[in-house]
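In: Have a look at this fold, sequence not included:
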């Protein structure tokens, strides 16, 4: 057996602590095949091949019909990463017997999924088969988390760990304010009310086990000092719908939220590089691209101001990933976190990992998170990272920089010890 | 034999449909060695080592002397991609007996080329040795295409397929207008006349077998809605030489031309990223660089407005290639097309292909075109792509994502079926 | 033995001509272990893990204590490139007996270094063990170089070759002017005085054996024509501290200094891409990042104006490295020089080298320099490049583009002949 395969054999057994998913804690696994295939990674690739985008959201078409329609476009996805995940999870979690999913055999998968979904303890089964210890969910500030704390893992710890997702708070639009008012049962008339409501909701989240804040940001986020006086004026306009989203107000809120992080000793996950709604007629989730010439310099103010807040950062291009590595190398509060979205392929992970490991102390990194929408996708996504990591660490062992045991220790740090430490899991 | 070599053995036999070349249909192959070595890929590397740029265009120096002078700089090009092509084609098409071309043996190549050029049916010989089915030429809007349709391939189809190259039309300068007037035998006094002349020329091109439009664009092309009233005003200035090239007029014309594409059901090849005339004293073709922080966002308006026009797009950097992959993944009308110019090396192709195949359904891609200036360079350039593709597909077969047969099917799609379908060849 | 290892065996023996270091010619090697570990590549990675930055510069803490404190952070640096260098030099130059340096055994290294430092002829010993022929130092314009010419290598040539480092001259701030006044014993009242002082100091440098000028530049350097009249006005403000640094004045000075290069037939090393002081509380040298979307287009004016001045250029990102390759390919006066700072890892070198060798005649490149602060780091850094180069050339030999002998000739050109020729060493 090659060094890499021996490393993988052990690394594959490291339990999963997933610090970033979009799993719905009240509906964590798929009831039918469409609930897996409706993931925009699949629907956008079907649409760009010709599947009308209306199909995805149509209420007139059954999930089964949608699955059939999408299956026609699978044969041209065979080289893509999402297809790889699909085949891996179909085999591992649904005993799907074929090596390819096609317009000919999609019904078999449909039946496999339906059958498994009916099993009692399906959540526990998937978690066990996937070796998941716990996962972080992503929750809107006004979300009702009641009951999220009830599901425990076998160590007796909370299985679903909520995350306070703050994108909407940066805009202070009417809907956001209305939602916050309802969740806090209090009127929001000015910036102070807004801040109070946010603090209140965060306190609720912390009570429910939240371990971090998270937001996505565009590729050139602005973080600057904004006077409260000025923020009050902008808030008034935004909250009344008299102005669109304001980079200045967003900067003010990032400051305010970082401050909350400091007080509550919570890390703040920043996910950079998205350019939203570039393809306006795309399927839900399939309208966005990344911005190739973004950079982290816009975070300068924030990173210097909050040395005690841990910022796990994710980016969307190779160049920015190298920049991120440099920031994680010199800033005590920056962590290079996972491999996100368009960077989440076997090859990109390998390329970025090679750079990160050469440039950054490995306790300044978080290996990988899944970003998955259903529980089934977690293991295969993390497993892909484990394979890439094994390949990269093999080179170190071969050149005798480290021995195999140390390589496995490093993998455990990246995948388990560091997320546990940074997120206090 | 390794998996990769077995794949290559079969992939190498896929016939060539070359959708983008600069071959002169009236003079498609080299009459002497200089007609190969005068390709700017060689002359610019000789010049940057010390060869005066004047030599290239001088009428006082014979082609043979030019070849001798350039040969002095070949020994330092041995690691470069163009040198690799040169050696491959010298051996395959000219029976050149040495493994390196040098100041000592350039005369042997000179004689080999002269001898071969005199053979009757040389065009057919090269096509057969190169396994070329047909090639697209690149033609100025006022070019006389009479006779282009006469040369047929063994399937009885047109061998030279013209392309309506529109770069000059975006500027509407005096020379462009004069050339258009001559070609259409009509006076161009205003924007309407200009548009009519263009439509007329395109109709002529279509009659002569044209299958697409093409233009190169700088790295931050602007595509926005421009009112016709406004376009008329700018046209007047441009056509009288009272203004330089205008981004706004260019945007208007891209809109107009995309509309023509829609009406004529022709794809529109966009080649992004060139920055022209940066080194003013360079050899012809050797004055340009690429712009490292370009991006595709400037195409947003056009791509959203013309969902039915197929846009095969090429770019000039790794980051932009990843961006292109994302666009091809979500936009139904975007195709990731080939690997152009400075990205056209064995290593860049491999790197970009790995990303594209992981991110994009493979029917949203065109494998490779040659961009060659003479027929001789086509096969070696495409063959390099085939080697890179075989290496990349080998990994899929090894990890058992696909079997060898599927890998070859995918290669045939990329190299033959997709260009055939997209360009209606 | 593999082809790559056989190549490496020979390539490793090529003597070192190091065209860019920060070695202090009066104190060229480490007197104790801290003088190696205080290199910011190590201290910044200790600091980002938790070591207070104050420790680095504190005068209350002994070098031995500093070494102990930093040693705690070494275990998490095991995958990083600087750690790799550290272990290699510890073994080769200090007979350190362990394969890892740790909080447990740092004292052993301390003692090894102290012992070796006391040896007579330590400088000669390191040079011999490292196979260094000569090195370029980096010197401030007002630096006293007396004695630098005395140390000769075994060929009888000057061992320390000074470099006129001009960063400070681009700003014309009060300190710079004061230092220049002291060094030239002349009052500087205006731009003409300033230029005279610079010319005088350069003449002194040349007398002391200087072979080049060097400056780092930010990622978007401006080079344009600036009228002397205008420069005079800006100079007055800058020199009186009435203005901060001026891009326009910097452009003027780059022009002036390039002119001096032309007159003195000296190359001008340009090192692009640094963004200074982004992390204000970082350790010395550990406050800077690179700018991911820089480009070389800002050099257009300078590169076109001074065709006779050789510009060895270094950059800080993969994309810009590809851009650099394109410039070296077409501009006779541009040389792709080494692999700098964050690009100076085994993987980045391999990636960049593959691109450069495919795009650029190899006499338009300088293989590598060390950028080292003490003599001990030179050999291991250059050796890493030699390993990367051997791996890359192996592929050429395997695909039969060149034979092993030619590969070694090319390596000798990159590492020895080209720096010797370009810098007249």
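Out: Received, thanks. Since the structure is predicted, the reported quantities are computational estimates derived from the model, not experimental observations.

In: helix/strand/coil for whatever residue of the stretch 151-300 of chain A ends up closest to chain B?
Out: As assessed by C-beta to the nearest C-beta, chain B sits closest to residue A:293 within the stretch 151-300 of chain A, at 4.0 Å. Where you see a C-beta, it was placed from the backbone N, CA and C, and this is true even at glycine. In the three-state summary, residue A:293 is assigned as coil, counting by DSSP: H, G, I helix; E, B strand; the rest coil.

In: all strands of chain A, in order?
Out: In chain A, the segments counted as strands under DSSP state E are A:16-18, A:132-136, A:160-161, A:163-165, A:212-217, A:268-272, A:274-275, A:289-290, A:311-314, A:334-337, A:365-366.

In: TSV please, covering the ones you listed and showing mean neighbour count, mean pLDDT and distance to residue A:302.
Out: As requested, these are exported to TSV (neighbours: other C-beta atoms under 10 Å in any protein chain shown; pLDDT from 0 to 100; distance: least, C-beta to C-beta, whole Å):
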stretch	mean neighbour count	mean pLDDT	distance to residue A:302
strand A:16-18	24	98	26
strand A:132-136	23	98	22
strand A:160-161	25	98	24
strand A:163-165	25	98	17
strand A:212-217	22	97	11
strand A:268-272	25	97	9
strand A:274-275	20	92	18
strand A:289-290	25	92	21
strand A:311-314	26	98	8
strand A:334-337	26	98	10
strand A:365-366	26	98	19
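
In: looking at these, which is closest to residue B:196?
Out: Ranking the strands of chain A by their distance to residue B:196 (criterion: C-beta to C-beta) puts strand A:289-290 first, at 37.0 Å.

In: What lies in contact with that closest one?
Out: A:219, A:273-275, A:278-279, A:316-317, A:341-342, B:296-297, B:322-323, B:326-327, B:330 (C-beta atoms under 8 Å, 6 or more residues apart in numbering or on different chains).

In: shaky segments in chain A?
Out: Across chain A, not a single residue meets the criterion (pLDDT under 70).

In: follow-up on the earlier one: show me the residues around the residue of the stretch 151-300 of chain A closest to chain B that make contact.
Out: The neighbourhood of residue A:293, defined by C-beta under 8 Å, 6+ apart, consists of A:219, B:293-295, B:319, C:292-293.

In: now do residue A:373
Out: Residues counted as contacts of residue A:373 (C-beta under 8 Å, 6+ apart) are A:21-23, A:39.

In: between those residues, which is closest to chain C?
Out: Comparing the contacts of residue A:373 against chain C with C-beta to the nearest C-beta places residue A:21 closest, at 27.2 Å.

In: what about the closest one, how many neighbours?
Out: Taking other C-beta atoms under 10 Å in any protein chain shown as the criterion, the count of residues near residue A:21 is 26.

In: So it is in contact with residue A:136, correct?
Out: Yes. Here residue A:21 reaches residue A:136: they are 6.2 Å apart, a contact under C-beta atoms under 8 Å.

In: just the contacts of residue A:373 now: which is nearest residue A:375?
Out: Looking at the contacts of residue A:373 and their distance to residue A:375, the nearest is residue A:23, at 5.8 Å (C-beta to C-beta).

In: what's the spacing between the closest one and residue A:377?
Out: Separation of residue A:23 from residue A:377 (C-beta to C-beta, to the nearest Å) stands at 9 Å.

In: Let's see which of the contacts of strand A:289-290 end up in helices.
Out: Those of the contacts of strand A:289-290 mapping onto helices are B:322-323, B:326-327, B:330, per DSSP state H.

In: re the thing from before, switch the contacts of residue A:373 over to TSV; also include distance to residue C:357.
Out: Putting the contacts of residue A:373 into TSV (distance: C-beta to C-beta, whole Å) gives the following:
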residue	distance to residue C:357
A:21	43
A:22	44
A:23	47
A:39	42
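
In: ok, so of the residues you listed, who is nearest chain B?
Out: Out of those, the member with the shortest distance to chain B (by C-beta to the nearest C-beta) is residue A:39, at 13.6 Å.

In: Just list the residues touching that closest one, thanks.
Out: Residue A:39 makes contact with A:82, A:373-374, A:377 under the criterion C-beta under 8 Å, 6+ apart.

In: Can you pull the residues of the stretch 51-200 of chain A lying near chain B?
Out: Residues of the stretch 51-200 of chain A lying near chain B by C-beta under 8 Å from any C-beta of the partner chain: A:73, A:76-81, A:84, A:87, A:99.

In: Mark which of those are buried, thanks.
Out: Judged by neighbour count, with 16 or more other C-beta atoms under 10 Å in any protein chain shown as the criterion, the buried members of those are A:73, A:76-81, A:84, A:87.

In: Please narrow those residues to those residing in helices.
Out: For those, membership in helices holds for A:81, A:84, A:87, with DSSP H as the criterion.

In: pretty sure the last one is touching residue A:100, no?
Out: Yes. Because the distance of 7.1 Å satisfies C-beta under 8 Å, residue A:87 is recorded as touching residue A:100.

In: Quick check: closest non-adjacent residue to residue A:404.
Out: In space, residue A:404 comes closest to residue A:397 once its chain neighbours are excluded; the distance is 5.4 Å by C-beta to C-beta, 6 or more residues apart in numbering or on different chains.
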